[in-house]
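S.K.: What follows is a predicted protein model with its sequence.
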Amino acid sequence: MDPEAPADTRFKAGSDGAIRVRRALISVSDKTGVSDFAKSLAGLGIEILSTGGTASALREAGLEVTDVSEFTGQEEILGGRVKTLHPRLHAALLARRGDAEHMATLEREGIEPIDLVCVNLYPFEQAIAGHEVDQQFAIENIDIGGPTMIRAAAKNHESVAVVVKPESYDAVCAELEETGGEISASTSHWLANEAFAQTARYDAAISRWFSTYYEDFPEHLAIAYEKVLDLSYGENPHQRAALYSEVGIRSHVLSRVSKLHGRALSFNNVLDLDAARCLVDDFDEPACAIVKHNNPCGVALGADPLDAYRKALACDPMSAFGGVIALNRPVDAELAEALHENFIEVLIAPAYEDEALNVLQQKEAIRILREDERRSADPRERDAKRVLGGMLIQDRDGDPEPRELMEVVTEAEPSEEQWRDLLFAWTIVRHVRSNAIVIAKDGATLGIGAGQMSRVDSVRLAVEKCRDARQGEADSLLAGSAIASDAFFPFADGPQAAIEAGSTGVIQPGGSKRDAEVIEACDAAGVAMVFTKHRHFRH
């Protein structure tokens, strides 16, 4: 139950007040806490009806239980597939207590009303969670009677309280004990809200699983989400925001992430955090990514995390101010001291030494996160972008192409050192907003150009960023650098601008009508160029 649930008078129409609970039906797959819940009900003199394994568990706990079959006069049939689908039971749930005709029907049929239903469903989501799922096993884990009872009770929530989560047991018991056996109208409405959300989620999981047998992009796409976190605000302070995770996907941006210090996360924090985590996850070596406004402004590999951080920061220290930093190695005291010198919005790493935390926590604003997520991304996950009135859904971009699939298209062949720089730049450019350009050398970015309408402008911006940050040493750093472009160069002016700045290696998808002109410009300068044959736009 949500103590802050809005008390909307629209939902009180037809409700004369609280529900007096005299009889409860309990039938659960997840038996966490159910015995204690039932004991609390029984202690208030509430009769307990139950089914199958739940009834056995309650009896083992010393409770007196009436079998549903005794209530309906019908034994379970079809191996338990049919046990609660009976008119007497559903009449007891659906009869409106304020409707004289309904109550007269119950009296005529000798049916006692059921005032509270506690049901959770067969674990279908767990049944299909593995890589190889037996179809018959999955189908047998599709609950029929449970959702039917939940929906019936939730529809009639003015007369029946419905509990679908073990997390709600304590609050429901507390209210019953405080009121002497009553559930308020507002509580019953909130519980019904939870119930309908639960059945919607359940049906969405079933629909999605069935659709995978036919097409990757089905005609009707049912996806359920559950709230992970209320955010401090949206893209702007006047916008409200929350983070939701997709039900059935094994991990999300904050899964197995602990906040050790700092203010609440905002919408933009989470967006940048996602970009930073995805970037460092592409590397096995010690790596650091600094992200600002959903674009990396510095990425580097290092001999250790401190080295990686210093090299990443050197790329664009001005933009790094107030950025999100992700590291794939623990933070020690020396690194913490270096980080402490700058203003950081969010810092995430796998671990922190105690002394490092003492240093970092001196600043109140910094959000310090520890991540323990080691699971790989779920291959079933799609990429989605919101548009007016709908969603654009696509396959995720996937991993960088291996070197073996790339083609050297110039007379000059890259040296092994150049290959390392080219592949490093190519890995990063996939994470930059288009038109995307990355200039890199020795495992560190020198300049990044993002979000420009012209690709040659992105090249110029990347060179300019390097010159602004490195001043007098820029020319020597740019000499022998590698440049990566997320999509083909439509004209030779893009690579020429980088070559004039000192780049000696180019990596790009290729595929332009003017590829020959671009190759000719590289050959004229003695520069090596590689075609990856795949583009990586990020709009």
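M.R.: Structure's in. What do you need? Here the structure is a predicted model, which is why all the values come from computation and not from measurement.
S.K.: Report the central residue of this protein.
M.R.: For the chain, the residue sitting closest to the mean C-alpha position, by Cα atoms, centre = their mean, is His252 at 3.2 Å.
S.K.: Quick check: which element contains the nearest residue to that residue once chain neighbours are set aside?
M.R.: Nearest residue to His252 in three dimensions, chain neighbours excluded: Ser245, at 4.1 Å (Cβ to Cβ, 6 or more residues apart in numbering). Glycine gets a C-beta too; all of them are placed from N, C-alpha and C. Element membership for Ser245, per DSSP states H and E: strand 242-246.
S.K.: which regions of the chain lie under the pLDDT threshold?
M.R.: Applying pLDDT under 70 to the chain flags residues 1-16, 131.
S.K.: again, only using 80
M.R.: For the chain, the stretches flagged by pLDDT under 80 are 1-16, 72-77, 79-85, 129-133, 212-213, 248, 250, 375-380.
S.K.: returning to that earlier point: residue contacts, the residue nearest to His252?
M.R.: Taking Cβ atoms under 8 Å, 6 or more residues apart in numbering as the criterion, Ser245 is in contact with Tyr225, Glu226, Val228, His252, Ser255.
S.K.: Any buried residues in the lengthiest helix in the chain, and which?
M.R.: As assigned by DSSP state H, the longest helix anywhere in the chain is helix 185-211. Buried residues in helix 185-211, counted by 16 or more other Cβ atoms under 10 Å: 185-196, 198-199, 201-202, 204-206, 208-209, 211.
S.K.: so is Ile499 in a helix, a strand, or just coil?
M.R.: Three-state assignment for Ile499 (DSSP: H, G, I helix; E, B strand; the rest coil): helix.
S.K.: ok, back up a step: in contact with the residue nearest to the centre of the chain: list those residues for me.
M.R.: Contacts of His252 by Cβ under 8 Å, 6+ apart are Val228, Leu243, Ser245, Glu246.
S.K.: repeat that for 10 Å
M.R.: Applying Cβ atoms under 10 Å, 6 or more residues apart in numbering to His252 gives the contacts Val228, Leu243, Tyr244, Ser245, Glu246, Asp274, Glu373, Ala377, Asp378, Glu381.
S.K.: My reading is that Leu347 lies in a strand. Confirm?
M.R.: Yes: under three-state DSSP, Leu347 falls within a strand.
S.K.: Please check the contacts of Ser245 and keep the buried ones.
M.R.: Neighbour-count burial (16+ other Cβ under 10 Å) is assigned, among these, to Val228, His252.
S.K.: So which of the contacts of Ser245 are in strands?
M.R.: The strands, defined by DSSP state E, take in Tyr225, Glu226, Val228 from the contacts of Ser245.
S.K.: Which single one of those is nearest to Pro147?
M.R.: Proximity to Pro147 was ranked across the ones in strands among the contacts of Ser245 by Cβ to Cβ; first place goes to Glu226, at 17.5 Å.
S.K.: Would you confirm that the closest one contacts Val247?
M.R.: Yes: counting by Cβ atoms under 10 Å, Glu226 does reach Val247; the two are 5.8 Å apart.
S.K.: Common neighbours of those two, please.
M.R.: Shared contacts of Glu226 and Val247 (Cβ under 10 Å, 6+ apart): Arg201.
S.K.: where along the stretch 301-450 of the chain do the helices fall?
M.R.: 305-315, 317-320, 333-340, 354-360, 416-429 (DSSP state H, counting those that start in this stretch).
S.K.: Save these as a markdown table, and put in distance to Gly79 and mean neighbour count too.
M.R.: Putting these into a markdown table (distance: least, Cβ to Cβ, whole Å; neighbours: other Cβ atoms under 10 Å) gives the following:
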| stretch | distance to Gly79 | mean neighbour count |
| --- | --- | --- |
| helix 305-315 | 58 | 23 |
| helix 317-320 | 63 | 17 |
| helix 333-340 | 61 | 18 |
| helix 354-360 | 56 | 16 |
| helix 416-429 | 54 | 22 |
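S.K.: Generate TSV for those, with distance to Ile439 as supplementary columns.
M.R.: Below are the helices of the stretch 301-450 of the chain laid out as TSV (distance: least, Cβ to Cβ, whole Å):
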stretch	distance to Ile439
helix 305-315	9
helix 317-320	15
helix 333-340	24
helix 354-360	31
helix 416-429	7
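S.K.: So for Leu25, which of the ones you listed sits nearest?
M.R.: So among those, helix 354-360 is nearest, using Cβ to Cβ, at 50.2 Å.
S.K.: Which elements pack onto that closest one?
M.R.: If contacts are counted by 3 or more Cβ pairs under 10 Å, 6 or more residues apart in numbering; DSSP states H and E, helix 354-360 sits against strand 257-261, helix 333-340, strand 344-349, strand 367-371.
S.K.: contacting residues around that helix?
M.R.: 260-262, 330-340, 344, 347, 349, 352-353, 366, 368, 370.
S.K.: Recalculate using a threshold of 6 Å.
M.R.: Applying Cβ atoms under 6 Å, 6 or more residues apart in numbering, the contact partners of helix 354-360 are Val331, Asp332, Ala333, Ala336, Glu337, His340, Ile368.
S.K.: Output it as CSV, nothing but the C-alphas.
M.R.: The C-alpha coordinates for helix 354-360 follow below in CSV (Å, rounded to 0.1, in the frame of the first residue of the first chain):
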residue,chain,number,x,y,z
ASP,A,354,37.4,3.1,3.0
GLU,A,355,39.9,5.9,2.8
ALA,A,356,38.8,6.8,-0.7
LEU,A,357,35.2,7.2,0.5
ASN,A,358,36.4,9.4,3.3
VAL,A,359,38.0,11.7,0.8
LEU,A,360,35.1,11.7,-1.7
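S.K.: rewinding a little: so for the strand holding Ser245, what gets flagged as buried?
M.R.: Of the residues in strand 242-246, Leu243, Ser245 count as buried by neighbour count, 16+ other Cβ under 10 Å.
S.K.: now stretch 50-67
M.R.: Ser50, Thr51, Thr54, Ala55, Ala57, Leu58, Leu63, Val65.
S.K.: Same question for stretch 249-263.
M.R.: Neighbour counts over stretch 249-263 (16+ other Cβ under 10 Å) mark His252, Val253, Leu254, Val257, Lys259, His261, Gly262 as buried.
S.K.: Start and end of it, how far apart?
M.R.: 28 Å (Cα to Cα, to the nearest Å).
S.K.: now that stretch, how far from the centre of its chain.
M.R.: 10 Å (Cα atoms, centre = their mean, to the nearest Å).
S.K.: before we move on, what about stretch 31-46?
M.R.: Mean-position distance between stretch 31-46 and its chain equals 35 Å (Cα atoms, centre = their mean).
S.K.: same check, this time on stretch 482-501
M.R.: Here the centre of stretch 482-501 is set off from its chain's centre by 36 Å, with Cα atoms, centre = their mean.
S.K.: cool, stretch 220-231 as well?
M.R.: Centroid displacement of stretch 220-231 relative to its chain, using Cα atoms, centre = their mean, is 8 Å.
S.K.: ok, the residue of the chain lying at maximal distance from its centre to Leu85 distance?
M.R.: The centre of the chain is farthest from one residue, Arg108, which by Cα atoms, centre = their mean lies 52.4 Å away. According to Cβ to Cβ, to the nearest Å, Arg108 and Leu85 sit 22 Å apart.
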